[in-house]
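S.K.: Can you look at this prediction? I've put the sequence above it.
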Amino acid sequence: MGGAAVFVGFTLAAFIWMPATNLGTFKYLFFAMILLAFTGMRDDLLALSSFKKFIVQLIAASVVVGMGGIRLTSLYSLGIDVVFPE
C-alpha cells in the first residue's frame with residue numbers, strides 16, 4: 001500500500017504547484033497514473049498475474065504517448081549525447 005501514498009503525494013503536489021492552465025495538458029498522464037495506481041492497489045489486495053499487470057502498463061504508456069503527445073526527445077539527462085528525430 002506504499003504506492004497509494006506516493007500516488008496521493010505526487011498528485012497533490014502536482015495540483016498545488018502546477019499552474020491551472022497546464023492541468024489540461026497533463027490529463028492523459030494523470031489518467032495513466034490513476035490506472036496504474038488502481039492496478040497496484042488491486043494487486044496488493046488480490047494477486048494479479050504479471051501478464052495482466054504488463055498489459056495495464058502497456059495501455060497506460062500507450063495513452064500517455066499516443067494521446068498525450070509526451071515523448072522523449074533526448075537522453076541528455078542520463079549523460080548520453082543522443083537526440084531523437086521528430
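M.R.: All right, it came through fine.
S.K.: May I see the buried residues of the longest helix seen in the chain?
M.R.: As assigned by DSSP state H, the longest helix anywhere in the chain is helix 27-45. By neighbour count on 16 or more other Cβ atoms under 10 Å, the buried set for helix 27-45 is 28-30, 32-33, 36-37, 39-40, 43. Bear in mind the C-beta positions are built from the backbone N, C-alpha and C, glycine included.
S.K.: Not counting its own residues, what contacts it?
M.R.: If you take Cβ atoms under 8 Å, 6 or more residues apart in numbering as the criterion, helix 27-45 is touched by 1, 3-4, 7, 10-11, 14, 48, 53, 56-57, 59-61, 63-64, 67-68, 70.
S.K.: Name the next helix or strand downstream of that helix, please.
M.R.: helix 50-62 (DSSP states H and E).
S.K.: any idea how far stretch 8-15 is from the chain center?
M.R.: Distance, stretch centre to chain centre, for stretch 8-15: 13 Å (Cα atoms, centre = their mean, to the nearest Å).
S.K.: Report the mean per-residue pLDDT for that stretch.
M.R.: Averaging pLDDT along stretch 8-15 gives 89.
S.K.: and the gap between the residue nearest the centre of the chain and Ile80?
M.R.: Nearest residue to the geometric centre of the chain (Cα atoms, centre = their mean): Met33, 4.4 Å. Distance, Met33 to Ile80, by Cβ to Cβ, to the nearest Å: 26 Å.
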